[in-house]
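Enquirer: test case, fold it:
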Amino acid sequence: MVAPFQPQQMQNKSFFQNLLGKQNARNSLIEINNLLSNTQDVKEVHDTDIKRINDSYGINVFSKFPDELALIYKLYFTHTLSDHRIDDSELVNLEHLKTIFKIDNVDSIHSQIIRAKLVDEIDKILVDKKVSPDEIQFLYKLIEDLKIPEDTVTKILSVKIKAILDLTLNRQISDRLITPLEKNELDELVKDLRFNIQIEEKSGLLYDQYRLAWFNNSRKQEIFGKGWTQLMKENTVTTVLKISWLTDEQKKYLIDNVIESYNQGESIAKLRDRIIQFIDLDKTTAKVFAETLYRDINNCTYLSIYRAQGANLIRFKASKKDLEWGPCRSLDGKIWNINSPYIIVPPLRPGCTCRLEIFNKNIVPTNVQFDRDLIKNYLEFHETYWHEKPT
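Expert: Below you'll find the predicted structure:
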């Protein structure tokens, strides 16, 4: 017996069929089913068997029952998917059934059943929010064996996977902050799902803005009762300690020398010279590093001072050389409320000399039209620059 076919009882003829001496044509389908159920291999049912049944009932089953023959094909095709694979013998059997039943639209049948199967599989995947290697192998084997376009599969999966991403994202942004741990959670989720499906642009923009908000919040200082020197020292310690490619001894040396350089009003070139005495960097790289470090500490310190002074507005001021670079040029002149969690504090790249300044005019802050790429690049710069030795 070939699963999933089960023997069926023949149907009685109707009153008029008996009266007119006609056969019950639907019994032709039952005979075909029973042929399949009484054999160990579907290839043992031949087109000559179908011809015999046609002659016996005086019909053409291909034209009279095309949908019913397609259902028999669907039944077997669905059965082949039950073990999450289609082997070569099953592919041969499917081709055989297609031939003896004269079915032309197998691609449509495959797509319909595969779609339902994939939705069912993805619903199972949703339970643990992961796609196992076996599940991936199964999906791609189906794509390969049945020649299904990958974009068709991606469209089917995208709705389900986006539901996972949106659920995770909505939970993460409930406090309007995205921490590095939450970012890693979402990154790992996308990696585990293994399909290149993007977060909706609107949700993605919120996601990156809230990453920026956490980044700014993590650098926010207690400012009351502190002067410039104290705030600068705190920012120096905070910035230097996150430079992971330095040894502890180098970090201590750098903190002491940056503070001393500040106190003596030295130039960037002088700070560079201090740096290359104990860190193995060439002069050009050391100067860019000194400039970046100085601007990061300086801008964070000034922002804290402006808040302590009770300023209302802050403006991004691009330097002349940085106006040549798109992101700095796009931010030049942008105004934020002093307590906005979305202030982009320079530097935006190595050697960036942009700054923040108090804006005293009595105006309503402009609505900064955030560019996702700008925010992502800014955050990625700060997340990576201090962890990789510059070259």
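Enquirer: which other residues reach the one helix or strand Glu357 maps to?
Expert: Assessed by DSSP states H and E, Glu357 sits inside strand 355-358. For strand 355-358, contacts defined as C-beta atoms under 8 Å, 6 or more residues apart in numbering pick out 295, 298-299, 302-303, 306, 309, 311, 313-317, 319, 343, 345-346. Using the backbone N, CA and C atoms, a C-beta is placed for each residue, glycine as well.
Enquirer: let me know the next secondary structure element after it.
Expert: helix 372-384.
Enquirer: so which bits of that next one are buried?
Expert: Applying a neighbour-count criterion of 16 or more other C-beta atoms under 10 Å, one finds Leu374, Ile375, Tyr378, Leu379, Phe381, His382 buried in helix 372-384.
Enquirer: which single one of those residues is nearest to Ser108?
Expert: Ranked by distance to Ser108 (C-beta to C-beta), the buried residues of helix 372-384 are led by Ile375 at 44.8 Å.
Enquirer: what's the burial count for the residue nearest to Trp325 when sequence neighbours are not counted?
Expert: Closest residue in space to Trp325, ignoring its immediate chain neighbours: Arg349 at 7.1 Å, by C-beta to C-beta, 6 or more residues apart in numbering. Arg349 has 17 neighbouring residues, counting by other C-beta atoms under 10 Å.
Enquirer: ditto for Ile59
Expert: 15.
Enquirer: can you tell me how far it sits from Val288?
Expert: Here the criterion is C-beta to C-beta, to the nearest Å. By it, Ile59 lies 85 Å from Val288.
Enquirer: still on that earlier bit, show me what the mean pLDDT comes to for the strand holding Glu357.
Expert: Per-region confidence: strand 355-358 scores 90 on mean pLDDT.
Enquirer: now do the buried residues in that strand.
Expert: By 16+ other C-beta under 10 Å, the buried positions in strand 355-358 come out as Arg355, Leu356.
Enquirer: next one: stretch 265-281
Expert: Buried-residue list, stretch 265-281, by 16+ other C-beta under 10 Å: Glu266, Ile268, Leu271, Arg272, Asp273, Arg274, Ile275, Ile276, Ile279, Leu281.
Enquirer: what about the third one, which SS state?
Expert: What DSSP: H, G, I helix; E, B strand; the rest coil gives for Leu271 is helix.
Enquirer: quick one: contacts for it?
Expert: For Leu271, counting by C-beta under 8 Å, 6+ apart, the contacting residues are Asn257, Val258, Ser261, Ala290, Leu293, Tyr294.
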